[in-house]
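Give me a 3D structure for the following:
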Amino acid sequence: MKLKNEKSFPGRSCSGEPAANSTIMGETAPRTIFQRVLDILKKSSHAVELACRDPSRVEHLASSLQLITECFRCLRNACIECSVNQNSIRNLDTIGVAVDLILLFRELRVEQESLLTAFRCGLQFLGNVASRNEDSQSIVWVHAFPELFLSCLNHPDKKIVAYSSMILFTSLNSERMKELEENLNIAIDVIEAHQKHPESEWPFLIITDHFLKSPELVKAMYAKMSNQERVTLLDLIIAKIVGDEPLTKDDVPVFLSHAELIASTFVDQCKVVLRLTSEQQADDEEALATIRLLDVLCEMTANTDLLGYLQVFPGLLERVIDLLRLIHVAGRDTTNVFSTCGCIKAEGDVSNVAEGFKSHLIRLIGNLCYKNKDNQDKVNELDGIPLILDSCSIDDSNPFLTQWVVYAVRNLTEDNSQNQDLIAKMEEQGLADASLLKKMGFEVEKRGDKLILKSTNDTPPL
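Residues are numbered from 1 along each chain as shown. From the prediction side, this is the model:
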């Protein structure tokens with residue numbers, strides 16, 4: 001998706017009708033016109049301020065709100081594709097007046113469509129005056145940050161959330177990202193906005209095109225967010241990794257930092273998923289967020305630019321094998337979400353905790369062993385190969401699990417005669433089901449005194 005910071009709101013009213021008495025968009029207007037509009041805006045703003053102090057005045061605000069709306073429409077439309085008008089309006093300090101007025105709107109305890117319309121048009125004006133104009137972006141930021149964003153990003157009206165998100169997206173740059181790190185509530189409000197309004201492009205673009213480019217911000221946010229918000233952020237990291245556009249050279253160092261956060265958090269916290277074996281904690285949000293960490297690691301290790309870093313990440317492979325063993329035993333010995341009947345497919349909503357967790361652990365082991373003999377040998381040393389084969393034997397009704405077992409076994413045995421010998425001997429000793437190996441696309445052949453594990457011609461596709 002391309003950046004849309006050059007987008008302007010069209011010359012239409014918030015109801016979709018052509019704006020009345022508005023400056024034709026793109027045409028330069030005399031500064032005196034904007035001064036008159038500003039004078040009207042200030043006068044009408046005074047009525048709003050009085051209503052904030054005295055609630056009895058609210059019912060008499062209709063005419064003032066209509067004037068404010070028309071002023072904002074005029075200013076909004078005049079800013080479209082016209083830097084001269086943008087500069088004239090900015091130099092009159094109209095931006096500061098507009099922000100102050102919008103903040104007053106949040107104080108009014110009234111649910112009037114006329115108030116919402118003025119509110120929306122005011123935000124549209126701020127978005128348009130800042131579009132493709134760095135000087136205006138700076139002034140908008142000075143006046144709007146942080147109060148306006150704190151007031152608007154969690155507003156119940158989805159258009160106000162979208163318009164304020166557009167302003168934030170347009171105004172952000174690398175320097176202002178540092179200020180955002182000191183106001184994490186705004187960043188978290190953007191995550192919540194995406195949760196509530198996934199169809200809105202602006203919160204999504206803020207996260208993918210700004211937040212994910214700042215490892216420091218992501219790390220600080222992750223520590224402070226709720227587990228539901230963490231799942232949302234992790235989903236967007238996955239979307240970025242598997243998107244149509246590959247990671248750029250500039251993206252790779254940033255995502256290596258994200259990989260460190262994801263891997264270290266998983267190593268430290270992965271055993272919380274065992275809480276899900278209890279019926280009382282079947283919806284444990286921390287465990288669900290940890291499951292999503294595993295999904296991110298699977299996608300990261302499927303990316304060649306990130307794989308090498310994670311293959312040598314301290315304790316990751318060991319912890320994955322240990323966790324696979326624990327849930328394998330838990331699913332075999334008692335009936336819970338990790339039992340055979342509960343795990344039938346690899347992808348799906350994170351809220352269905354049984355979907356693919358074991359298969360994703362095996363997938364991650366396979367990825368970590370890809371063309372890496374040290375990790376292949378480590379899995380052998382930790383008795384991981386019998387564990388992987390036994391997982392498939394117990395749950396052979398799950399084609400997704402079988403798929404990743406095949407993949408893992410291939411990566412474990414590629415150019416590794418020791419691991420090949422181990423599986424061949426397991427088959428001879430009855431510890432590995434020959435029919436299962438054949439189903440996976442392998443067979444054991446005896447050549448003299450030596451057993452050879454080899455692929456069959458009917459190897460199932462991955």
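
quick one: contacts for F338?
Going by CB atoms under 8 Å, 6 or more residues apart in numbering, F338 touches L276, T277, I327, H328, A330, G331, A354, F357, K358. Just so you know, the C-beta spots here come from the backbone N, C-alpha and C atoms, and that holds for glycine as well.

Go through those and name the one with the lowest pLDDT.
Ranked by pLDDT, the contacts of F338 bottom out at A354 (51).

thinking again about what came up before, most surrounded residue in the contacts of F338?
Highest neighbour count within these: K358, with 28 neighbours (other CB atoms under 10 Å).

Thought V329 was touching that one, still the case?
No: with contact defined as CB atoms under 8 Å, K358 does not count as touching V329 (11.7 Å).

who touches both of those two?
Joint contacts of K358 and V329 (CB under 8 Å, 6+ apart) do not exist.

coming back round to it: show me the contacts of F338 that map onto strands.
Among these, no member falls in strands (DSSP state E).

Which of these fall in helices?
I327, H328, A330, G331, F357, K358 (DSSP state H).

now the residue lying closest to the first one once chain neighbours are set aside: how far from S278?
Think I327. Leaving aside its sequence neighbours, I327 sits nearest to F338 (CB to CB, 6 or more residues apart in numbering; 4.6 Å). According to CB to CB, to the nearest Å, F338 stands 12 Å off from S278.

Could you do V161 as well?
38 Å.

Quick check on those two: which one has the bigger neighbour count.
A direct count of neighbours by other CB under 10 Å for V161 and S278 places V161 higher, at 25 against 12.

Please determine how far that one is located from T290.
V161 is 29 Å from T290, by CB to CB.

for P30, same thing?
In terms of CB to CB, P30 sits 62 Å off from T290.

and if you look at L172?
30 Å.

returning to that earlier point: which of the ones in helices among the contacts of F338 lies closest to A98?
Ranked by distance to A98 (CB to CB), these are led by F357 at 50.5 Å.

Quick one: low-confidence residue ranges for the stretch 301-450 of the chain.
333, 339-355, 393-399, 427-450 (pLDDT under 70).

need the strands for it, in chain order.
442-447, 450-455 (DSSP state E, counting those that start in this stretch).

Mind listing what's buried along stretch 94-114?
Residues of stretch 94-114 classed as buried: 94-95, 97-103, 105-106, 108, 114 (neighbour count, 16 or more other CB atoms under 10 Å).

My error: substitute stretch 318-331 in the last question.
R319, V320, I321, L323, L324, R325, L326, I327, H328, A330, G331.

Quick one: classify the most centrally placed residue in the chain as helix, strand or coil.
For the chain, the residue nearest the mean C-alpha position is L236 (2.4 Å; CA atoms, centre = their mean). Put simply, L236 is helix when judged by DSSP: H, G, I helix; E, B strand; the rest coil.

In this structure it contacts I206, no?
No: counting by CB under 8 Å, L236 stays clear of I206, with 10.4 Å between them.

Show me which helix runs longest in the chain.
Per DSSP H, the chain has its longest helix at helix 31-53.

Just checking the distance from it to the centre of its chain.
Centroid separation between helix 31-53 and its chain, computed with CA atoms, centre = their mean, to the nearest Å, is 40 Å.

Over to stretch 48-68?
On CA atoms, centre = their mean, the centre of stretch 48-68 falls 40 Å from the chain's centre.

Just the CA trace of that stretch, in CSV.
Extracted as CSV, the C-alpha positions of stretch 48-68 are listed here (Å, rounded to 0.1, in the frame of the first residue of the first chain):
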residue,chain,number,x,y,z
VAL,A,48,-18.9,27.5,22.5
GLU,A,49,-16.6,28.5,25.3
LEU,A,50,-19.4,30.1,27.3
ALA,A,51,-21.5,26.9,26.8
CYS,A,52,-18.7,24.8,28.2
ARG,A,53,-18.8,27.0,31.3
ASP,A,54,-22.6,27.2,31.5
PRO,A,55,-24.4,24.0,30.3
SER,A,56,-27.7,25.9,30.0
ARG,A,57,-26.3,27.7,27.0
VAL,A,58,-25.8,24.5,25.0
GLU,A,59,-29.3,24.5,23.6
HIS,A,60,-28.7,27.9,22.0
LEU,A,61,-25.5,26.8,20.1
ALA,A,62,-27.2,25.7,16.9
SER,A,63,-26.5,28.9,14.9
SER,A,64,-22.9,29.2,16.2
LEU,A,65,-22.1,25.6,15.3
GLN,A,66,-23.5,26.1,11.8
LEU,A,67,-21.2,29.2,11.3
ILE,A,68,-18.2,27.2,12.6
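
Please name the nearest non-neighbouring residue to A51.
Closest to A51 by CB to CB, 6+ apart is R57, at 4.2 Å.

same check, this time on R176
W141 (6.1 Å).

mind listing what R90 touches?
By CB under 8 Å, 6+ apart, the neighbours of R90 are V129, N133, D135, S136, I139.

The residue nearest to the second one when sequence neighbours are not counted: neighbour count?
Nearest in space to N133, with sequence neighbours left out and distances taken as CB to CB, 6+ apart, is Q86 at 4.9 Å. Counted with other CB under 10 Å, the burial measure for Q86 works out to 23 neighbours.

so Q86 sits right up against Q137, yeah?
No: counting by CB under 8 Å, Q86 sits too far from Q137 to count as a contact (10.2 Å).

Show me where the stretch 101-250 of the chain dips below the pLDDT cut-off.
110-111.

Going toward the C-terminus from the helix or strand containing D100, what's the next helix or strand?
D100 belongs to helix 94-107 when assigned by DSSP states H and E. The C-terminal neighbour of helix 94-107 among helices and strands, as given by DSSP H and E, is helix 113-130.
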